[in-house]
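Chemist: Would you be able to build a 3D model of this:
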Amino acid sequence: MIDLQTFMLALGVGNTAFALLMAGYMRGAAGNPALRTWMWARLSSGLAQICCWAAPHLGLPLAEEFAAFGWVGGVALELASYCVFFGFGNWRRILAPATVAALLIVAAAIVARASRAQMTQVVAVIVALFATGAATILLRPQPGAPLLQRIIGVNDALFAIAIWTWMGVANGGLGTFDANPVYGFAYLASYLLMIVNGFGFLLLCKLKDDQRMQRLATIDGLTDMLNRRAFFERAERARQAALRMRKPIALMMLDLDHFKQLNDSFGHACGDDALRLFADTARATLRGNDVMGRLGGEEFALAMPGTSLAGAQFAAERLRNAVAEAPPPACAATCRMTVSIGLVMIDPHEELTAALARADHALYAAKTGGRNRVEIGAPLLRRA
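Modeler: Just a heads-up that it's a prediction; the model follows:
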């Protein structure tokens, strides 16, 4: 038969071990404020639970009082870690006063010399409220939310329900697993919370870090477009798919006109603004399945799967006009930004690099022909 005190010891040791595990993980990883806050939450909860176990065994009333504050601090820090993880802007304005109010309630109960059962009820209500807040954050409607996030949210919700059930049915009493199934449900929910949330949040932070690293490896940091390597990979996949489905695919090379003069006259920061403006303008005119990337400097490439020559020419002219009509960068209000475009259709028997070379040749023709124009490259000549 497992009583509450033994269970508190198990929870305390487990949460403290999780805190140490996360501390060790963070020493070899990039700084993660959310994970650091979570570590302190686990440590606070773990020490509180160990104090709950130690208080009756060692006869230390102060241990129970510390445990009450530790419980509240732990769940508040856990909720704070979620807010930091999701990048909420004004979370401190809400959570900080709520945490102070909860701690003052605990302090008032201690001053009023509340019994152990009464103190348990006070802390349980506070913990349940914070757990409900955590579940609300994790389970809120959010496009693309990972399954792991939902699992942690459901776990927090079940934990809050377990506490409310325990308060309503058992009146905050203390017992054992065998004495009352309500106790068993609440205690097991607590242990499940420790295991799932402990490993779950660690994995959730790692998943976010992996996604960030994947983005850094594939996205150009200045324009938020595909970088050179990622463009070649995705454009090649698009070419292969078009070949299998026997559909056309168009390819363009694009270059901002007089970009060197802009950099020399107004500085590289202004040139960066012009590149971002061009990228935003291009994104607004492209389809969802178009593949566009920055190859370097002011040079971009665009692959348009399933597009005929006439359709690609129309799209290129629309993009050219959109760039010409876009407001100039604020740093160079007197400059008009334009783009030259070289367009080719990729032959079914042609490699992507060869098609890019033809598109680049057409781009050169557009540049020498006066700029701010679309030049269609000659089709691939096949040997007889």
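
Chemist: Tell me where the model's unsure across the stretch 251-384 of the chain.
Modeler: Applying pLDDT under 70 to the predicted model, the residue ranges of the stretch 251-384 of the chain that meet it are 381-384.

Chemist: hmm, 80 instead?
Modeler: In the predicted model of the stretch 251-384 of the chain, residues 332-334, 380-384 satisfy pLDDT under 80.

Chemist: Pull up the gap between residue 337 and residue 359, please.
Modeler: Separation of residue 337 from residue 359 (Cβ to Cβ, to the nearest Å) stands at 21 Å. Where C-beta positions appear, they are placed from N, C-alpha and C, glycine not excepted.

Chemist: what's stretch 318-330 in contact with?
Modeler: The list of residues contacting stretch 318-330 from outside it, by Cβ atoms under 8 Å, 6 or more residues apart in numbering, reads 254, 270, 273-274, 277-278, 281-282, 284-286, 334-339, 341, 372-374.

Chemist: need the strands for the protein, in chain order.
Modeler: Secondary structure of the chain, counting by DSSP state E: strands at 249-256, 291-296, 299-305, 339-345, 374-376.

Chemist: For these, please prepare TSV with the additional fields mean neighbour count and distance to residue 140.
Modeler: As requested, the strands of the chain are exported to TSV (neighbours: other Cβ atoms under 10 Å; distance: least, Cβ to Cβ, whole Å):
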stretch	mean neighbour count	distance to residue 140
strand 249-256	25	40
strand 291-296	21	33
strand 299-305	24	36
strand 339-345	26	41
strand 374-376	20	46
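
Chemist: Residue 23: which of those is closest?
Modeler: Each of the strands of the chain was scored for nearness to residue 23 using Cβ to Cβ, and the closest is strand 291-296 (40.0 Å).

Chemist: Return that closest one as PDB; C-alpha atoms alone will do.
Modeler: The C-alpha coordinates for strand 291-296 follow below in PDB (Å, rounded to 0.1, in the frame of the first residue of the first chain):
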ATOM      1  CA  VAL A 291       9.900  27.800 -56.200                       C
ATOM      2  CA  MET A 292      11.900  30.900 -55.800                       C
ATOM      3  CA  GLY A 293      15.300  31.400 -54.200                       C
ATOM      4  CA  ARG A 294      18.100  33.800 -53.800                       C
ATOM      5  CA  LEU A 295      21.200  32.600 -55.600                       C
ATOM      6  CA  GLY A 296      23.400  35.400 -54.200                       C
END
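
Chemist: Which secondary structure elements does that strand sit against?
Modeler: helix 228-245, helix 268-285, strand 299-305 (3 or more Cβ pairs under 8 Å, 6 or more residues apart in numbering; DSSP states H and E).
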